[in-house]
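What follows is a predicted structure for the sequence shown.
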Amino acid sequence: MSRGGGGGLRRWWPWRARDESALAEIEAEITAFGEALNAHSFSPGQPGATDEMRAELARALDAYEQAKQDFVGDRTQADALDVLRALDEGRHALACLDALLAGEPLPERMPLCFFDARHGRAARQVRWAPPGGIARNIAVCAADAVRLAESPSPLTPRPDAAMLRPAQPRRAKFPTTTSASTPQPQVSGKGSSGEQTHQLAMPSYRPALMVFSTDARERINLRFESTKGRSSRLYRLSGDGTPVVARIPLPEGKKAVAFRVFAAGGREAWTATAAPLREVRRFHDEINGTGSDVVHYRGEPGPGALRYEGPSVIQLEALDDRLAYWVTVAEGSAGEHTFQWPGSGYYQVRSAGAWSLSVV
């Protein structure tokens, strides 16, 4: 079994609806990944197994089931791309599991190319805006990075585009802006007064997070349309005017989650992306942040301290294994508050200002 960062992707998937060799190749990829899962030595109940290890195994198993599901029925080029994404997610989950078992850092992984998943792994982040849209940071393959650098508005494919794509692509190379009612794995916007509902597509793996970020100083309130698995609909992502990088649990078993964005006066660009648990910051003794976030405490049960500098109140909430709200373990206004850590696990900080968590 490969112990890399989830590689093995082809430059593009040679899919045709009636191409039996391509069909056999897809089936072989799924079978090979299933065999890798069966051959893996990790057992959820073995001595030393952690919740993080079990979560990576669950992510790999979910990806395998998703790949099989995407392969059933009327097989189209879109189905082939879905299988590719699911298997890539599963391979990376096993690589993360191997790293955890060996006590090594988790493998780095860029997402698939923003413009076309058939291009394989992204090589770098670039700044790009669709026609008439706002600029954002996107991850692209090396070839598309070169093309963007050579032409700021590359709307017409270059002559060598046939090397990068099948002869009859299912969609245009550079996607135009999509309706807010269409679920997407990454949603972007600029400012907002909450007048528009956005749809974030849930990934195949569970549990999952929303990573919400801005490029500049901003105060953001985010409101979900459903309260299932949450202690509240409203999330204050930053309270001191700094750029936002916040993680929010997505425990619902739906295909998409609906949300609204309220920006405090500015028109700065923001991005919301579905992400796995590896995006959560881990700590044993102390951690700090600003605004709402999710953290992974890896210490033992015992006394802790919550320090807060901000308006209103702050809550520290323990989450269950689905990242759904379980219980509030600390709450208060600005100052220092003592509490008892229930134990290792995922916790959600809900605040509008700067905070720190520590073991006493």
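Thanks, I have the structure now. Numbers count the residues shown, from 1 in each chain.

burial count for A24?
A24 has 10 neighbouring residues, counting by other C-beta atoms under 10 Å. C-beta: built from backbone N, CA, C; applies to glycine.

again, but for P301
Residues near P301, counting by other C-beta under 10 Å: 11.

D98 now?
D98, neighbours per other C-beta under 10 Å, totals 21.

That one: helix or strand, and which one exactly?
Using DSSP states H and E, D98 sits within helix 77-102.

what residues are up against the closest residue to G299 other than its chain neighbours?
Nearest residue to G299 in three dimensions, chain neighbours excluded: H284, at 4.9 Å (C-beta to C-beta, 6 or more residues apart in numbering). With contact taken as C-beta atoms under 8 Å, 6 or more residues apart in numbering, H284 is in contact with Y297, R298, G299, V359.

low-scoring stretches of the stretch 1-150 of the chain, by residue?
Along the stretch 1-150 of the chain, segments meeting pLDDT under 70 span 1-23, 72-81, 108-112, 116-118, 120-121, 131-134.

Show me which residues of the helix or strand harbouring R307 are buried.
Using DSSP H and E, R307 sits within strand 302-309. By neighbour count on 16 or more other C-beta atoms under 10 Å, the buried set for strand 302-309 is G304, L306, Y308.

Need the three-state assignment for A149.
Under the three-state scheme (DSSP: H, G, I helix; E, B strand; the rest coil), A149 adopts helix.

what about it, neighbour count?
A149: 10 neighbours (other C-beta under 10 Å).

Give me the nearest residue to it, chain neighbours excluded.
V126 is the one closest to A149 (C-beta to C-beta, 6+ apart), at 8.0 Å.

you'd agree the one you found is up against N137?
Yes - between V126 and N137 a contact is recorded at 7.3 Å, counting by C-beta atoms under 8 Å.

how about the strands in the stretch 1-150 of the chain?
For the stretch 1-150 of the chain, the strands defined by DSSP state E, counting those that start in this stretch occupy 124-128, 136-140.

Also compute the angle for the first one relative to strand 136-140, please.
Our comparison of strand 124-128 with strand 136-140, counting by axes from the mean of the first three to the mean of the last three C-alpha atoms, to 10 degrees, yields an angle of 140 degrees.

residues making contact with strand 124-128?
M110, F114, A135, R136, N137, I138, A139, V140, A142, A145, L148, A149.

same question, the last one
Under the contact criterion C-beta under 8 Å, 6+ apart, strand 136-140 has outside partners 110-115, 119, 122-129, 148, 188, 215, 269, 271.

and it, which strands flank it?
strand 124-128 (antiparallel) (DSSP bridges).

I'd like the distance between the spatially most central residue of the chain and L357.
Closest residue to the average C-alpha location of the chain: A275 at 1.0 Å, with C-alpha atoms, centre = their mean. From A275 over to L357 the distance is 21 Å, taken as C-beta to C-beta, to the nearest Å.

One more: L222?
22 Å.

circling back to that earlier point, ok now the helix holding D98, how far from the chain's centre?
14 Å (C-alpha atoms, centre = their mean, to the nearest Å).

who does that helix touch, helix- and strand-wise?
helix 20-39, helix 51-71 (3 or more C-beta pairs under 8 Å, 6 or more residues apart in numbering; DSSP states H and E).

Tell me what angle that helix forms with helix 20-39.
Using the same axes, to 10 degrees, helix 77-102 lies at 20 degrees relative to helix 20-39.

those strands in the stretch 201-350 of the chain, which residues are they?
208-214, 220-224, 234-236, 245-250, 256-263, 269-275, 281-283, 286-290, 293-297, 302-309, 314-319, 325-332, 335-341, 345-350.

Turn the ones you listed into TSV, including mean pLDDT.
Converted to TSV, the strands of the stretch 201-350 of the chain look like this (pLDDT from 0 to 100):
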stretch	mean pLDDT
strand 208-214	90
strand 220-224	86
strand 234-236	84
strand 245-250	90
strand 256-263	88
strand 269-275	90
strand 281-283	92
strand 286-290	92
strand 293-297	94
strand 302-309	93
strand 314-319	91
strand 325-332	88
strand 335-341	93
strand 345-350	92
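
Endpoint to endpoint, stretch 350-360 covers what distance?
21 Å (C-alpha to C-alpha, to the nearest Å).

What of stretch 211-219?
Note: stretch 211-219 ends 16 Å apart using C-alpha to C-alpha.

which other residues reach it?
137, 220, 222, 237-239, 241-248, 263-266, 268-275, 279.

can you rerun that using 7 Å?
By C-beta atoms under 7 Å, 6 or more residues apart in numbering, the surrounding residues in contact with stretch 211-219 are 220, 222, 237-239, 241-248, 263-264, 266, 268-273, 275, 279.
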